[in-house]
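Participant: This is a predicted model, with the sequence first.
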Amino acid sequence: MALRLDGKALSAHLEQRLSALIADHHDQAGRPPGLALLRVGDDPASGVYVANKEKACARVGVTSTGVHLSAESAAGDVLHELQRFNRDPLVDGILLQLPLPDGLDEGPLLTAIDPDKDADGLHTLNLGRLLKGEPGPRSCTPAGVMALLRSNGIDPAGKRAVVVGRSILVGQPMALMLQSANATVSVAHSRTSDLATLTKAAEILVVAAGRPGMIGAEQVSPGAVVVDVGIHRKPEGGLCGDVRADEVAGVAAALTPVPGGVGPMTVTMLLVNTVLAWCHRHGIAHGLDDLIS
Ligand code: NAP
């Protein structure tokens, strides 16, 4: 049976570290770290995600400030809130919850966020910093995957890694992080022919295609490490990923569960980016280098 790569447990452990760091340096900074969360429209899943992020902030001692704009908001209204957060000295991290309602283009809005307050690591400058191996806030989901691999003693160096999906949110930064950890990386997408041959060659397989249950045992090499980024609500209730976990658990050496794998790590890395920005602003030695890919 595959080793369970337990994101929930690691995230609880990392929250304790963050909480202790904040408590130890609160007096030096004169205030706790602050995260501003901006939600636009009424996408129900986004509402749940934002609420989870606010709860996580409360658990570690980060002050969260939520602003909810209506679905009819113009780009200028969203921009106004982002600029207000950029100027606010009590805000270290800013998150614009995606997806935005139809008619709002996320690109220019994400770029309007101060790159040093970019809690999601999606600003063009920060993606460039990742590409060049320079320090900066990292995209939360792939950074969470890297932390999960590292904490389970899985070193990508010299391994064949395959990332299924090439989104800016997950697939592309995931491939860059695995490559900078010295894996040899292939990226698959919807136009990839003979996907199974590629995935079967993977020693580390990260699936972020957004297709429920698309990867089964026949597409996985025995002994592979499989990371399931996908998250879907099943019609009959409950959640599932892009991987058919019941099958793949019998073939893979290690597998992330859904839920409880990558999801909790994504939220934790949002906190890490915020706390790191707070540390940089106040000259605090953070000791979180093991979490920065
Ligand atoms: P996305 O923007 O829709 O990108 C999906 C990618 O998968 C695209 O690059 C697409 O290829 C590729 N793809 C789609 N069908 C494919 C197929 N049959 N074979 C190979 N590649 C295929 O999605 P995303 O934002 O990256 O998210 C992916 C999944 O992760 C979703 O289920 C999302 O909910 C989940 N997610 C989870 C977390 C978490 O914290 N657990 C965080 C973020 C996202 P093309 O580029 O050719 O279209």
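Facilitator: On my side now, so go ahead.
Participant: okay, CA-based contacts and neighbour counts for the rest of this
Facilitator: Fine.
Participant: Could you look up the SS state of Val227?
Facilitator: Three-state call for Val227 (DSSP: H, G, I helix; E, B strand; the rest coil): strand.
Participant: Show me what it is bridged to.
Facilitator: Taking DSSP bridges as the rule, Val227 bridges to Val206.
Participant: how close does it get to the ligand?
Facilitator: Relative to the ligand, Val227 is positioned 10 Å away (Cα to the nearest ligand atom, to the nearest Å).
Participant: Lys224 and Thr256 touch, don't they?
Facilitator: To be clear, residue 224 is Ala; Lys isn't right here. No: using Cα atoms under 8 Å, Ala224 makes no contact with Thr256, being 11.9 Å away.
Participant: Those two - which one has more neighbours?
Facilitator: Shown here are Ala224 and Thr256; by other Cα atoms under 10 Å, Thr256 has more neighbours (28 against 23).
Participant: thinking the more buried one is in contact with Leu5, fair?
Facilitator: Yes: in terms of Cα under 8 Å, Thr256 counts as a neighbour of Leu5; the distance is 4.7 Å.
Participant: can you list the residues of the stretch 151-293 of the chain near the ligand?
Facilitator: Residues of the stretch 151-293 of the chain lying near the ligand by Cα under 6 Å from any ligand atom: 164-167, 169-171, 188-191, 208-210, 229-231, 262-263, 266.
Participant: Of those, keep whichever come out buried.
Facilitator: 164-166, 169-171, 188, 208-210, 229-231, 262-263, 266 (16 or more other Cα atoms under 10 Å).
Participant: among those residues, which are in helices?
Facilitator: Counting by DSSP state H, those place 171, 262-263, 266 in helices.
Participant: okay if I get those residues as CSV plus pLDDT?
Facilitator: Shown next, in CSV, are these (pLDDT from 0 to 100):
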residue, pLDDT
Gly171, 98
Val262, 98
Gly263, 97
Thr266, 98
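Participant: So which residues make contact with the helix or strand harbouring Leu198?
Facilitator: Counting by DSSP states H and E, the element that carries Leu198 is helix 195-200. Outside helix 195-200, the residues that touch it by Cα atoms under 8 Å, 6 or more residues apart in numbering are 162, 188, 205, 218-221.
Participant: Pull out the buried positions in it.
Facilitator: Residues of helix 195-200 classed as buried by neighbour count (16+ other Cα under 10 Å): 198-200.
Participant: closest to Pro89 among those?
Facilitator: Thr199 (46.6 Å; Cα to Cα).
Participant: Which secondary structure elements does the helix or strand harbouring Asn52 sit against?
Facilitator: With elements taken from DSSP H and E, the one containing Asn52 is helix 44-60. Judged by 3 or more Cα pairs under 8 Å, 6 or more residues apart in numbering; DSSP states H and E, helix 44-60 is in contact with helix 7-29, strand 34-40, strand 63-69, helix 262-282.
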